[in-house]
Structures are given as structure tokens and as C-alpha cells.
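Asks: Let's see this in three dimensions:
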Amino acid sequence: MKLKINKKAVYLILSICLGHLGYSQKDTAPSKEVVAFLDTFRKDYEAMYRNENFRLVQDRYGENVRLMPEFQETVLGLIPSAMYYVAFFERFEIDSYGRENIEILDLESRVVELGRFQMNISDIEGEYLLTGKYQNVWELTSKGTYELITEAWSYDNWVEFGDKLRFKDVPSVRMALEPHILVNDNISFEIEALNCLMEKVIMEGDTKRWSLFYSNDAMLIGGFHPIAKGRKAIENHLIELSEEEPLFEKLDVRTDGIIELDGYALEYSSTIENWRDDWSSGISTSKNIKLWKREPNGSLKIFRMINMYD
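Replies: Residues are numbered from 1 along each chain as shown. Alright, predicted model coming up:
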């Protein structure tokens with residue numbers, strides 16, 4: 001007597017069993033509606049700069065939006081964010097501004113957009129060109145619309161007039177000196193452990209192990225450097241960075257927020273850096289956003305990261 005095998009049933013059982021051995025990768029491609037929404041915002045944002053009028057985009061900012069500009073401490077809230085743009089437009093004339101989208105990741109309740117920008121600005125002392133990268137995080141509201149909850153950007157090169165990009169009258173917070181989150185669940189425990197190891201690896205200058213924190217398809221958007229795509233390019237970037245940076249006597253990576261998503265985790269963190277070189281020493285702070293991704297084997301890797309100095 002021959003045993004009849006239901007192939008469909010076998011495939012179903014195997015898929016269920018194998019599904020528990022690993023983590024499936026979710027499709028992050030955005031819908032046409034999301035792309036159209038972001039295209040409209042991008043055009044309005046460009047117009048906001050050209051017309052020096054924040055009100056052109058204000059309706060799409062969340063009340064608790066987080067602004068993370070290079071050279072400025074973190075700006076928290078809609079009103080302080082509006083004050084930042086007003087201060088920027090009062091200090092500089094905007095001669096041109098443009099944005100270019102690189103990538104949109106639809107993570108269901110959050111949408112992450114990465115892109116490049118270029119602006120020509122001027123004041124009484126001269127004309128300036130600024131080029132850089134930006135990352136926006138949007139939240140899907142209960143009304144089915146999106147509101148901007150995070151806006152971050154860094155520059156491609158060191159900016160000699162960086163002090164002019166600081167606005168002391170705008171309410172800002174140096175997040176590195178603020179309380180960090182409690183380690184009280186699995187994801188905060190895992191990220192805290194990885195960050196502690198990262199501190200050690202960076203201080204040792206071990207760029208090989210440093211690069212292992214990133215996924216094979218990662219993208220590192222560092223300050224004053226071009227985007228590094230892929231782990232090999234990231235490792236080469238970290239080698240170059242370790243040769244440029246001073247010796248770090250102590251690093252303290254402090255996480256102040258984690259948004260756990262399906263297969264991903266969005267981390268808001270900052271770093272206190274005690275450093276020295278042959279001529280001087282000091283303490284500096286920086287801020288970053290890491291998008292961690294759960295790999296098929298269960299490991300947690302940095303998928304996207306943008307970093308800005310205060």
C-alpha cells in the first residue's frame with residue numbers, strides 16, 4: 001500500500017516550522033499614496049525655504065516633533081521648531097534650496113525618508129553653499145494621516161561658519177546630558193548591551209568589529225562625510241574615521257527613546273565623548289538615529305544610521 005503525500009500540506013508544515021527558525025524580512029516599499037504625500041511635502045518644504053515661511057509646512061509637523069540639526073542642540077516641540085526656522089531665516093537670505101529623495105521605508109506605523117539637500121545662503125559677510133543629508137520620520141496617526149515626528153540633517157563637509165548655524169535664543173536640549181531610558185524590556189536590554197560593546201570597540205579602534213554592528217545592506221550617514229553604503233564601504237569609512245578622530249578616553253552612548261516596530265527598532269541616542277590628541281583634550285556630544293533591523297538569523301543589526309554633532 002502506497003502512502004499518498006499531500007505536497008501542499010508538507011509545504012505548509014515546513015514553512016511554519018522554518019518560520020520559527022528565523023525572521024522574515026518585511027516589504028518596506030511605500031505605497032503610491034505615501035510617495036505622493038512625501039513628494040508634495042518635499043516641494044512645499046523647498047518652497048518654505050525659498051519663501052522663508054515655515055507656515056507653508058507647519059500643518060504637517062507633529063506637536064512633539066523632534067528637530068535634530070547639525071551644530072544645534074535638539075529642538076523639542078512644534079513651537080520651538082518654528083522658532084528655529086524663523087531664526088534661520090532672520091540670519092540668512094535663502095538664495096536657493098533643493099531636495100532629492102534617496103529612499104522611503106514604509107514600516108507601517110512609521111515612514112522613514114532619507115535624502116540629500118543643497119542650499120545657497122548669504123548674509124552681510126558672504127555667500128555660502130551647504131550640502132548634506134536628511135532623515136525624516138513620519139508617524140501614522142489615528143486619523144489615517146501622517147505627521148512629522150523627527151527631522152534630522154547633517155552636512156557633507158566641515159562647515160567653517162558652523163557657529164552661525166547655532167541659535168542660542170531657540171529653546172534646545174543637549175540630550176546627551178538628559179536622563180536615558182530604563183532598561184526594562186527585551187529590546188531596551190538588547191540595544192543597551194550592543195551599545196556597551198560598541199563603546200568598547202570604538203575606544204579600542206577595532207574597526208573590523210565596529211563594522212559588524214551594521215547589516216550587509218546598511219547605510220551610514222555620518223556628519224562631514226559622504227554616505228557609506230554596504231558593510232564593506234562602512235568598514236572603509238570607519239578605518240578612515242579612526243585615523244582622523246582623536247583618542248577616545250571614554251564614550252557614553254545614551255539612549256533616550258526606542259520605538260519598537262515589526263522587525264525593526266528606531267533608536268534615539270546621543271554620545272558623550274571624552275577625547276584627547278597631541279595638542280588638546282575635551283568633551284563633545286553628538287546625537288543620532290539608528291534604525292535597527294532583525295536579521296533572518298535573529299541578530300539585531302544597524303540598518304540605517306544618521307549622526308549629527310551638537
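
Asks: So what touches stretch 80-99?
Replies: The contact list for stretch 80-99 (Cβ atoms under 8 Å, 6 or more residues apart in numbering) reads 42, 45-46, 48-50, 52-54, 58, 61, 65, 67, 69, 72, 75, 115-123, 127-128, 134, 151, 164, 167, 169-172. Heads up, the C-betas are built off the backbone N, CA and C, glycines and all.

Asks: Narrow the residues you listed to those in helices?
Replies: Judged by DSSP state H, helices contain the following of the contacts of stretch 80-99: 42, 45-46, 48-50.

Asks: Now do the nearest residue to residue 122 once chain neighbours are set aside, the pLDDT please.
Replies: If the residues on either side of it in the chain are set aside, residue 122 comes closest to residue 93, at 4.9 Å by Cβ to Cβ, 6 or more residues apart in numbering. Note on residue 93: pLDDT of 98.

Asks: Residue 93: how many residues sit nearby?
Replies: Using other Cβ atoms under 10 Å, residue 93 has 12 neighbouring residues.

Asks: could you pull out the helices for the stretch 151-300 of the chain?
Replies: In the stretch 151-300 of the chain, the segments counted as helices under DSSP state H, counting those that start in this stretch are 186-204, 207-211, 231-244.

Asks: Surely residue 128 is in contact with residue 122?
Replies: Yes. At 6.7 Å, residue 128 counts as touching residue 122 under the criterion of Cβ atoms under 8 Å.

Asks: Pull up the gap between residue 87 and residue 239, please.
Replies: 38 Å (Cβ to Cβ, to the nearest Å).

Asks: Likewise for residue 284?
Replies: Counting by Cβ to Cβ, the gap from residue 284 to residue 239 is 21 Å.

Asks: Any regions of this protein where pLDDT drops low?
Replies: Along the chain, the parts satisfying pLDDT under 70 run over 1-24.

Asks: can you map out the strands along it?
Replies: 61-69, 75-76, 93-106, 110-123, 126-140, 146-155, 214-221, 228-229, 247-261, 264-276, 281-294, 300-309 (DSSP state E).

Asks: Those into TSV, with extra columns for distance to residue 35?
Replies: Converted to TSV, the strands of the chain look like this (distance: least, Cβ to Cβ, whole Å):
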stretch	distance to residue 35
strand 61-69	20
strand 75-76	28
strand 93-106	7
strand 110-123	10
strand 126-140	12
strand 146-155	12
strand 214-221	19
strand 228-229	21
strand 247-261	20
strand 264-276	20
strand 281-294	19
strand 300-309	18
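
Asks: Determine which of the ones you listed approaches residue 193 most closely.
Replies: strand 300-309 (9.6 Å; Cβ to Cβ).

Asks: Looking at residue 128 and residue 122, which is more packed in?
Replies: The neighbour comparison of residue 128 against residue 122 (other Cβ under 10 Å) goes to residue 128, with 17 against 12.

Asks: Contacts only, for the more buried one.
Replies: Contact analysis of residue 128 by Cβ under 8 Å, 6+ apart lists 92, 120-122, 161.

Asks: buried residues in stretch 87-104?
Replies: Buried residues in stretch 87-104, defined by neighbour count with 16 or more other Cβ atoms under 10 Å: 87-89, 92, 94, 97, 99, 104.

Asks: just these now: which is nearest residue 268?
Replies: Using Cβ to Cβ, the buried residues of stretch 87-104 come closest to residue 268 at residue 104, 20.1 Å.

Asks: Roughly how far does residue 172 sit from residue 69?
Replies: Relative to residue 69, and taking Cβ to Cβ, residue 172 is found at 9 Å.

Asks: typo on my end, residue 61
Replies: 14 Å.

Asks: And residue 256, by the same measure?
Replies: The value you get for residue 256 to residue 69, if Cβ to Cβ is used, is 17 Å.

Asks: In terms of neighbours, single out the busier of those two.
Replies: Legend: neighbour count by other Cβ under 10 Å for residue 256 and residue 69, higher for residue 69 (26 against 18).

Asks: Residues in a beta bridge with the more buried one, which ones?
Replies: Assessed by DSSP bridges, residue 69 has beta-bridge partners residue 153.

Asks: Tell me the buried residues in stretch 57-75?
Replies: Quick answer for stretch 57-75 (16+ other Cβ under 10 Å): 57, 60-62, 65-75.

Asks: between those residues, which is nearest residue 155?
Replies: Checking the buried residues of stretch 57-75 one by one against residue 155 (Cβ to Cβ), the nearest turns out to be residue 70, at 5.4 Å.

Asks: wait, doesn't that closest one sit right on residue 155?
Replies: Yes. Here residue 70 reaches residue 155: they are 5.4 Å apart, a contact under Cβ under 8 Å.

Asks: list the contacts for residue 260?
Replies: Contacts of residue 260 (Cβ under 8 Å, 6+ apart): residue 187.
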